[in-house]
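S.K.: below are the sequence and a predicted model for it; my questions follow.
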2 protein chains.
Amino acid sequence: MNTINIALVQQCMQANPQTNLEVSLAQVQEAAHEGADLVVLCELHTSLYFCQEKSARHFRLAQEIPGPLTRQLSLAARKNHVVIVGSVFEKRARRIYHNTAVVMERDGSLAGTYRKMHIPDGPGYFEKYYFAAGDTGFVPIPTSIGKLGVMVCWDQWFPEAARLMALGGAEVLIFPTAIGWDPEDDDEEKQRQIRAWQIIQQSHAISNNLPVVCTNRAGHEKDLSGTTLGIDFWGHSFVTDAFGKITIQGPADVAETLHASIDLDETKRCRQVWPYLQDRRIDAYGDISKGSADVLRDPTPAPALPSRESRKTRR
Amino acid sequence: MNTINIALVQQCMQANPQTNLEVSLAQVQEAAHEGADLVVLCELHTSLYFCQEKSARHFRLAQEIPGPLTRQLSLAARKNHVVIVGSVFEKRARRIYHNTAVVMERDGSLAGTYRKMHIPDGPGYFEKYYFAAGDTGFVPIPTSIGKLGVMVCWDQWFPEAARLMALGGAEVLIFPTAIGWDPEDDDEEKQRQIRAWQIIQQSHAISNNLPVVCTNRAGHEKDLSGTTLGIDFWGHSFVTDAFGKITIQGPADVAETLHASIDLDETKRCRQVWPYLQDRRIDAYGDISKGSADVLRDPTPAPALPSRESRKTRR
């Protein structure tokens, strides 16, 4: 078995960034003690999810890479001899910021970074105000334990992202995440959302024959602008095998560090039985790189008869 | 509500093609009586799933389009004033055959065809022997009830296919299917497969904000070559809403015609809340059209240290 032990640090965030970081680092240490080879932290695991409001003051949270946060993560990786996926509100240049995942190697070196490519922007999640769209592309990060297909949150809804990581040789797909419920939604709607969120990520496992790891934050966070009732981050961090089956899942509303093993050889066995990658029609996928203007336009009224030239059947 | 009523004709096939066609046509008539606007038949709904073996004699089942089968479907569509998605083993030219879905308009005209683009080829499913890969691309077929994103079976495992249909303006994704269990698999493996099969199709609904309709055959069919124990086609025809929730599902092992309504306006509401199509990174998807040689090659051994030039953090 080509197994790696993974720990997912599902955190509830506090207002003080130092407190959050200390929790992250303590969980890294404990996870390594329990045998983890890889620790996956949440998206923006040192702060409240400030994107609920648009306020210039939050830019003070941003840091350069390397910077104080990556130095702390580097020390923790080296001290505990563990690979860490962390998350940084990256100050790249004057007024150019990114939502960036960092991967620390066991020796404390920076194995690589991934700048969130798909940026959401809607009520509760005003990320386009803070983050420029990433420019890393979807490139797996090589580490001593395998090639990690690290993406971030909103990326998880885009099958193109997972596919490109798989084509690049990713051995596991990893999504640090910050997603939750609108407290005004009823239970049925909440279940609908969380099921869709899991299914879309399970589907990346299935279509690419790869295990998926998703770490989400938990707990209620206020909307500091007072516009909404805030967000109940829904936890449910989870791991799937290479055929999309959820093998472990966290609670909805409290912090918890989950431990799971993934077998990287399962991918090879899955691809033998379900050889999707062999049957892809790369000659016919060009339009994936085109926009979707036709779709986003309101649909034209259905024709009374087919609008296409129809070949009549003989009767 | 912009609702269409759909009937899914889950059939158990017999050896005699005429018997199977009579069942298909009788179910079309009954479904139309019960108010269906659209009837979706199974993949290759006039024959046993002959692809379990490779035998030249099965090419006799193939027909041209237009031909006897499309004429029958055309008459049924006109007589019952209903749109029909049917399936034809298409004889296109000397020794060029396709696995082709046909869409008949309510007036009996041929609204369009789709030639299966992704062709499987493994034990039990030797389709590459019979079918040339399709050349239609992923183009929705316009009809009086909406633009139908018709694909076939193995296509359902490829997120590219569903995405291209959505970008082309499809209002519903439709998969006539023939898939089943190896009788030698245990119950856990069977459940694993059917869940993966549903999840991958639910994911197309979610990522494209479109309802999905999948009609599968049911019942045991022998492997006429005697090589295997045959296939237990697993039924479970189903419909999802535009957020991937399964709203109706057929039985595993018997024929049944399912009735469901889908609300085409739900797509618009979903896209408002989950605007994936707006956030796609079409500048970064070019490699989707490249092959997967890197992936299919056995993975190189993990490096003891990161193989990539690593930027050292200062300590």
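M.R.: Right, received. Where do you want to start? Please read these numbers as outputs of a predicted model, since none were measured by experiment.
S.K.: check contacts around A:Asn20.
M.R.: Residues in contact with A:Asn20 (C-beta atoms under 8 Å, 6 or more residues apart in numbering or on different chains) are A:11, A:13-14, A:45-47. For every residue, glycine as well, the C-beta is placed using N, CA and C.
S.K.: span of stretch A:41-53 from start to end?
M.R.: From its first residue to its last, stretch A:41-53 covers 23 Å (C-alpha to C-alpha, to the nearest Å).
S.K.: just stretch A:203-222 next, same as before
M.R.: Span of stretch A:203-222 from end to end, C-alpha to C-alpha: 32 Å.
S.K.: cool, stretch A:180-187 as well?
M.R.: OK, stretch A:180-187 end separation, C-alpha to C-alpha: 13 Å.
S.K.: same question for stretch A:277-286.
M.R.: OK, stretch A:277-286 end separation, C-alpha to C-alpha: 17 Å.
S.K.: again, but for stretch A:148-155
M.R.: With C-alpha to C-alpha, one end of stretch A:148-155 sits 15 Å from the other.
S.K.: is chain B contacted by it?
M.R.: Yes - using C-beta under 8 Å from any C-beta of the partner chain, we find that stretch A:148-155 touches chain B at A:Trp154.
S.K.: hang on, the earlier thing: would you turn the contacts of A:Asn20 into a markdown table with distance to A:Asp185, secondary structure and pLDDT?
M.R.: Converted to a markdown table, the contacts of A:Asn20 look like this (distance: C-beta to C-beta, whole Å; DSSP: H, G, I helix; E, B strand; the rest coil; pLDDT from 0 to 100):
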| residue | distance to A:Asp185 | secondary structure | pLDDT |
| --- | --- | --- | --- |
| A:Gln11 | 23 | coil | 98 |
| A:Met13 | 21 | coil | 98 |
| A:Gln14 | 25 | coil | 97 |
| A:His45 | 25 | coil | 98 |
| A:Thr46 | 28 | coil | 98 |
| A:Ser47 | 25 | coil | 98 |
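S.K.: list only buried entries from those.
M.R.: For the contacts of A:Asn20, a burial check counting by 16 or more other C-beta atoms under 10 Å in any protein chain shown picks out A:11, A:13-14, A:45-47.
S.K.: tell me the centre residue of chain A?
M.R.: Nearest to the geometric centre of chain A sits A:Phe175, at 2.4 Å (C-alpha atoms, centre = their mean).
S.K.: could you look up the SS state of it?
M.R.: strand (DSSP: H, G, I helix; E, B strand; the rest coil).
S.K.: who's it bridged to?
M.R.: Beta-bridge partners for A:Phe175, by DSSP bridges, are A:Cys214.
S.K.: any idea how far it lies from chain B?
M.R.: The spacing between A:Phe175 and chain B, counted by C-beta to the nearest C-beta, to the nearest Å, is 15 Å.
S.K.: kindly report the same for A:Thr257.
M.R.: Distance of A:Thr257 to chain B, computed by C-beta to the nearest C-beta: 24 Å.
S.K.: for that residue, helix, strand, or coil?
M.R.: What three-state DSSP gives for A:Thr257 is strand.
S.K.: what's the neighbour count on it?
M.R.: 21 (other C-beta atoms under 10 Å in any protein chain shown).
S.K.: hang on, the earlier thing: so the residue nearest to the centre of chain A touches A:Cys153, yeah?
M.R.: Yes - the pair A:Phe175 and A:Cys153 qualifies as a contact (C-beta atoms under 8 Å) at a distance of 6.6 Å.
S.K.: who touches both of these two?
M.R.: Here A:Phe175 and A:Cys153 have no joint contacts, going by C-beta under 8 Å, 6+ apart.
S.K.: between the contacts of A:Asn20, which is closest to chain B?
M.R.: Checking the contacts of A:Asn20 against chain B with C-beta to the nearest C-beta, the nearest one is A:Thr46 at 16.4 Å.
S.K.: show the contacting residues for that closest one.
M.R.: Per C-beta under 8 Å, 6+ apart, neighbours of A:Thr46: A:17, A:20-21, A:24, A:61, A:69.
S.K.: and if you look at A:Glu184?
M.R.: Neighbours of A:Glu184 in contact, by C-beta under 8 Å, 6+ apart: A:Leu229.
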